[in-house]
Each structure stands twice: as structure tokens, then as C-alpha cells.
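*Asks:* Kindly return the folded structure for what I paste below:
(2 chains)
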Number of protein chains: 2
Amino acid sequence: MKPPDLGSTAMSSSIERKSPSLRLAQGARTRRQILSTAADVASAEGLEGLSIGRLASRLGMSKSGLFAHFGSKEQLQLATVDAAAEVFENRVVEPSTKAKPGIARLSAMLEAWQTYIQKCGYRGGCFFAAASAEFDGRPGPVRGRIAEWTGTWLRLIEQEAGQAKALGHLRADIDAAQLAFELHAFVQEANWAAQLLDDRDAFDRAARAVGRRLEDAATAKGREILAHD
Amino acid sequence: MKPPDLGSTAMSSSIERKSPSLRLAQGARTRRQILSTAADVASAEGLEGLSIGRLASRLGMSKSGLFAHFGSKEQLQLATVDAAAEVFENRVVEPSTKAKPGIARLSAMLEAWQTYIQKCGYRGGCFFAAASAEFDGRPGPVRGRIAEWTGTWLRLIEQEAGQAKALGHLRADIDAAQLAFELHAFVQEANWAAQLLDDRDAFDRAARAVGRRLEDAATAKGREILAHD
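*Replies:* Residues are numbered from 1 along each chain as shown, chains lettered A, B, ... in the order given. All right, here's what the predicted structure looks like:
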């Protein structure tokens, strides 16, 4: 049996009258919508400016309604970080696992990340770049969570570089952590230059830098894979 | 005649009784001290959190005293950005002009920048990295000023790369803007990784990345200059 389409309001409101478990699904959807707006507000105006009152007026909801979902500003901030990480997982990490392990997947990860930043739709650009800079000087659970997610992404790039080396796609003298640092730097720089300096060439520059760096680090086998990618 | 040492409180308070023009110098010094604290607060907690009331209580000054210096929160924010740019100019831009034009100066600029970020003493790391991410999604004069200063620094790197090319230190096929983008990316990445992930190797990685990239882009003449640098 096909699952009901929760995206259709008419359908989901008729479902709501019938099934308590689907009402829970509706609650989860409301929560997702709240957190999507929260991530947008946070990327432009900062996670710290994300008060429950402000978000409630933005969403046209009551403060008490929002409070029922999150309980405190810190819980709201943590939930927003986790929601942004989930979106990142779905749009960047997951699709790039479709590419073959090694240099093809490494290249796919960086490409998916760039496409995501360009299309993410948050007014302040990449949520994690904004949140990183905002919280790096404020010790506490929110900073810890941001560091956890962004550090995980950097390590995934490093692991894939290590895998590409093990598969003979990258030269044996390549340091996977150093390569990951450089590739990651190019994409973060593009986000910075596009957002702050309105540099329209920033993502082309990042793509060229990533391409050239991978080519340089690749073996003949690796270059062949990149050429057919 | 040697100028009086304005650093000594006893001396400057005796001067204050004597000379109105030195009282102005004292005022300028107070202003500098205020802005240095403001830059520290802003790098850790954000420029937006930099209210006159908050800064006054941090400095043990009256709000009205601070107001006399700046007049509004936006004026205070703009003055803080300019003060941070002046410090950057004195500690990074100016010293690197002592190196010979071309690849030596390009290398000196990047080294001075890295040293400065490591020692800057702001709790939130590089003031401009923090301020960029905070304001890139908030149109207005403060964002404009941050973009102006950071964009100027990126252009100075690009110009020096262009000069290095003209002097035959970099290969003729090198795109100066692309090279500047990549070198600038490595240093910004080091600030990010050191601040958020507490990565102690970040600046070594950036230095290796910059060194390798310059070597790759250099002519034989350029490499000889780098080796003797």
C-alpha cells in the first residue's frame, strides 16, 4: 500500500481526523517547518538572535506553541543545528555515496557540497559557516554540536581521501588530512567570497581549485577515473 | 626633544594639567582602548551584541561617557571595524612591505597574516573572519565596511601575485586572482579549524599548503627567491 502523501494539506488534514499516529507525523512536519525557518533566520541573523519570541512572530505562531516544541532557547538552537545537519546529510552526504568509492566519491562529495551551498536558500549562505564563526568563541553545548557536525564532514572528506589512496587513485605520498584541509578550504572560501563580496566567480574558482588539486594528487589510474566521471 | 611617554599614567596625568592638546591625545588613547575591547567582545560574541550598555559595563565606564565617543550602536560598530582594520594594517600589511616586491613579498604577506591570527589575542579568533560570517547576510553600512576591508586585503594579495608574475617569479600561465583565492582560502581555513575544532595543526597545514602552492606556481627564479627567503 502506498503511504499517504503528507505534503498535501487537504489530504493530511483529513488524515488528522482519523489517525492519532498520523497526527504525530503532522507534528513532526510542523517541527521540521519551524526548524527550516529557524535555520534561515540563524544563517542571516545568527543563532544567538534566535529567540523563541522572535521566531514565533516570524512564523505567526504563539510563543507557548513554540515553547511546547522546544522548551528553551538552547534546546531550540541545538535542534536547529541538528536539523541543518540532517538537511546536509540528505542533500550532500547521502547522494555522494552513489559515486564509486575513492577519487570519484571524493570528487562527488565536494561537488555536491558546492551545489548545496549555492542552492541552499538560507539568506546568510551556508548555515554551518555562519554558525561556526558565530559560536567558535562561545564555549558550551551549541558550539560543541556545531564542531561535531562540521568536524564529521571534514573527517568524511579525509576518510574518502584515505580510501582513494588505498585504492591507488591518489599518490602514495599524499597526506589525506592535508589534502582534505585544502579541498575543504576552497569550498568554504567560495561561500565566504560569494556571500560577503558578492563574487560571482567564487564557485567557479573553487571548482577549478578542487579539480586542479585532485589532478595533481592523482595517479594515472585516478586521473583516468576523474576524466570519465 | 623626545615626546612624552603617554604610556605612563603618572606622567600623562601631570601632562593633562598642562596641555589641552595632550588631553586630546589622551582621549584618542582612551578611544583606542575602548575599540580594542570592542573588537575582542565582537570577535567572540558578535558585533551585533556590541551594545553601548554592555561595552560600558565591561569597561567600567558610564554609558554616557561611551555615548560621547560614538553616538550610536552603528557608529560604534563601524569604528570597531575600522580600528580592527588599522591594527591589521600595522601588524600585517605594513611589515610585509619590507620584503622585496614579487614572490618574497607575497610569501611575507601570507606569513604575517598567519602569525597575526595566531597571536591576535581576540577570544573569537580573527576579527574579520568572525565579522564576515556574522554580517554577510545583513545588508547595511557595517556589512559594507567589512566587505571593503576584507576585499582590499584579498586584492592586495592578488596584486602582489600579479607583480610576482610580471617580475618573472611566477609562471606566465598563472591566474593571479585564482592563486590569491587559493592562498587566502588556506589561511581562513586555518583560523576556522583552530578556533572551532581546536585543531593545533591547522596553521602548520596552512603554511604547508601555501608553501606548496607557491612552489608549484613559481618559475626557477621564483623558487630560488623562496629558498633564500
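*Asks:* Only C-alpha atoms from now on, for both contacts and neighbour counts.
*Replies:* OK.
*Asks:* Would you indicate which residues of stretch A:83-99 are buried?
*Replies:* A:83-85, A:88, A:91-93, A:96 (16 or more other C-alpha atoms under 10 Å in any protein chain shown).
*Asks:* With pLDDT and secondary structure added, can I get the residues you listed in CSV?
*Replies:* Output for these, formatted as CSV (pLDDT from 0 to 100; DSSP: H, G, I helix; E, B strand; the rest coil):
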residue, pLDDT, secondary structure
A:Ala83, 90, helix
A:Ala84, 91, helix
A:Ala85, 93, helix
A:Phe88, 92, helix
A:Arg91, 92, helix
A:Val92, 95, helix
A:Val93, 95, helix
A:Ser96, 96, helix
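*Asks:* and of those residues, the nearest to A:Arg145?
*Replies:* A:Arg145 lies nearest to A:Ala85 out of the buried residues of stretch A:83-99, by C-alpha to C-alpha, at 9.9 Å.
*Asks:* how about A:Leu50, what does it touch?
*Replies:* By C-alpha atoms under 8 Å, 6 or more residues apart in numbering or on different chains, the contact set of A:Leu50 is A:38, A:41-42, A:73, A:77.
*Asks:* Phi and psi next, for it.
*Replies:* Per-residue torsions, A:Leu50: phi -80, psi 70 (degrees, to the nearest 10).
*Asks:* quick one: the residue minimising distance to the centre of chain A and A:Ile117, what's the gap?
*Replies:* In chain A, the centroid-proximal residue (C-alpha atoms, centre = their mean) is A:Phe88; its distance is 2.8 Å. Going from A:Phe88 to A:Ile117 by C-alpha to C-alpha, to the nearest Å gives 10 Å.
*Asks:* Can you give me the separation between the residue nearest to A:Asp199 when sequence neighbours are not counted and B:Gln188?
*Replies:* Spatial nearest neighbour of A:Asp199, chain neighbours left out: A:Ala193 (5.5 Å); criterion: C-alpha to C-alpha, 6 or more residues apart in numbering or on different chains. Distance, A:Ala193 to B:Gln188, by C-alpha to C-alpha: 11 Å.
*Asks:* any idea how far the helix or strand where A:Ala130 lies is from the chain center?
*Replies:* Applying DSSP states H and E as the criterion places A:Ala130 in helix A:127-135. Centroid separation for helix A:127-135 versus its chain: 12 Å, with C-alpha atoms, centre = their mean, to the nearest Å.
*Asks:* so what does that helix touch, helix or strand wise?
*Replies:* If contacts are counted by 3 or more C-alpha pairs under 8 Å, 6 or more residues apart in numbering or on different chains; DSSP states H and E, helix A:127-135 sits against helix A:20-45, helix A:141-166, helix B:20-45, helix B:127-135, helix B:176-197.
*Asks:* For these, give me JSON lines that also has mean neighbour count.
*Replies:* Conversion of the helices and strands packed on helix A:127-135 to JSON lines gives the following (neighbours: other C-alpha atoms under 10 Å in any protein chain shown):
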{"stretch": "helix A:20-45", "mean neighbour count": "18"}
{"stretch": "helix A:141-166", "mean neighbour count": "19"}
{"stretch": "helix B:20-45", "mean neighbour count": "18"}
{"stretch": "helix B:127-135", "mean neighbour count": "26"}
{"stretch": "helix B:176-197", "mean neighbour count": "23"}
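*Asks:* just so I know, which of the ones you listed lies nearest B:Ala161?
*Replies:* Checking the helices and strands packed on helix A:127-135 against B:Ala161 by C-alpha to C-alpha gives helix B:176-197 as the closest, at 5.3 Å.
*Asks:* can you give me the angle the closest one makes with helix A:127-135?
*Replies:* Interaxial angle, helix B:176-197 versus helix A:127-135 (axes from the mean of the first three to the mean of the last three C-alpha atoms, to 10 degrees): 60 degrees.
*Asks:* how about the nearest residue to A:Glu182, chain neighbours excluded?
*Replies:* In space, and not counting its chain neighbours, A:Glu182 is closest to B:Phe186: 6.6 Å by C-alpha to C-alpha, 6+ apart.
*Asks:* contacting residues for that neighbour?
*Replies:* A:182, A:185-186, B:206, B:209-210 are the contacts of B:Phe186 under C-alpha under 8 Å, 6+ apart.
*Asks:* Would you mind naming what in chain A lies close to chain B?
*Replies:* Neighbours of chain B within chain A, by C-alpha under 8 Å from any C-alpha of the partner chain: A:43-46, A:123-125, A:129-130, A:132-138, A:143, A:147, A:151, A:178, A:181-182, A:184-186, A:188-189, A:192, A:195-197, A:205, A:209.
*Asks:* okay, and for chain A, where does confidence drop off?
*Replies:* Scanning chain A for pLDDT under 70 picks out A:1-24.
*Asks:* so what's the closest residue to A:Phe135 other than its chain neighbours up against?
*Replies:* Once flanking residues are discounted, A:Phe135 sits nearest to A:Arg143: 5.3 Å by C-alpha to C-alpha, 6+ apart. A:Arg143 makes contacts with A:132, A:135-136, B:196, as judged by C-alpha under 8 Å, 6+ apart.
*Asks:* Next: A:Leu55.
*Replies:* A:Ala38.
*Asks:* just to revisit the earlier point, among the contacts of A:Arg143, which one sits closest to A:Ala166?
*Replies:* The closest of those, once distances to A:Ala166 are taken by C-alpha to C-alpha, is B:Leu196, at 29.6 Å.
*Asks:* Count the residues that sit near A:Asp201.
*Replies:* A:Asp201 has 12 neighbouring residues, counting by other C-alpha atoms under 10 Å in any protein chain shown.
*Asks:* For it, which non-adjacent residue is spatially closest?
*Replies:* Excluding the flanking residues, the one nearest A:Asp201 by C-alpha to C-alpha, 6+ apart is A:Ala194, at 7.9 Å.
*Asks:* didn't A:Gly49 look like it was pressed against A:Ala42?
*Replies:* Yes. With contacts defined as C-alpha atoms under 8 Å, A:Gly49 counts as touching A:Ala42 at a distance of 7.2 Å.
*Asks:* can you tell me the helix or strand for A:Glu111?
*Replies:* Per DSSP H and E: helix A:103-119 holds A:Glu111.
*Asks:* now what about that helix, what contacts it?
*Replies:* Residues from elsewhere that reach helix A:103-119, judged by C-alpha under 8 Å, 6+ apart: A:91-93, A:95-99, A:125-126, A:157, A:160-161, A:164, A:169-170, A:183-184, A:187, A:191, A:203, A:207, A:210, A:214, A:222, A:225-226, A:229.
*Asks:* mind saving the C-alpha coords of the strand or helix carrying A:Leu214 as PDB?
*Replies:* Taking DSSP H and E as the definition, one finds A:Leu214 inside helix A:202-217. What follows is helix A:202-217 as a C-alpha-only set of coordinates in PDB (Å, rounded to 0.1, in the frame of the first residue of the first chain):
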ATOM      1  CA  ALA A 202      33.800  32.300  -6.400                       C
ATOM      2  CA  PHE A 203      32.200  28.900  -7.000                       C
ATOM      3  CA  ASP A 204      33.900  28.500 -10.400                       C
ATOM      4  CA  ARG A 205      37.200  29.400  -8.800                       C
ATOM      5  CA  ALA A 206      36.600  26.800  -6.000                       C
ATOM      6  CA  ALA A 207      35.700  24.100  -8.600                       C
ATOM      7  CA  ARG A 208      38.900  24.900 -10.600                       C
ATOM      8  CA  ALA A 209      41.000  24.700  -7.400                       C
ATOM      9  CA  VAL A 210      39.400  21.400  -6.300                       C
ATOM     10  CA  GLY A 211      39.900  20.000  -9.800                       C
ATOM     11  CA  ARG A 212      43.500  21.000 -10.200                       C
ATOM     12  CA  ARG A 213      44.400  19.800  -6.600                       C
ATOM     13  CA  LEU A 214      42.800  16.400  -7.300                       C
ATOM     14  CA  GLU A 215      44.500  16.100 -10.600                       C
ATOM     15  CA  ASP A 216      47.900  16.900  -9.000                       C
ATOM     16  CA  ALA A 217      47.400  14.400  -6.300                       C
END
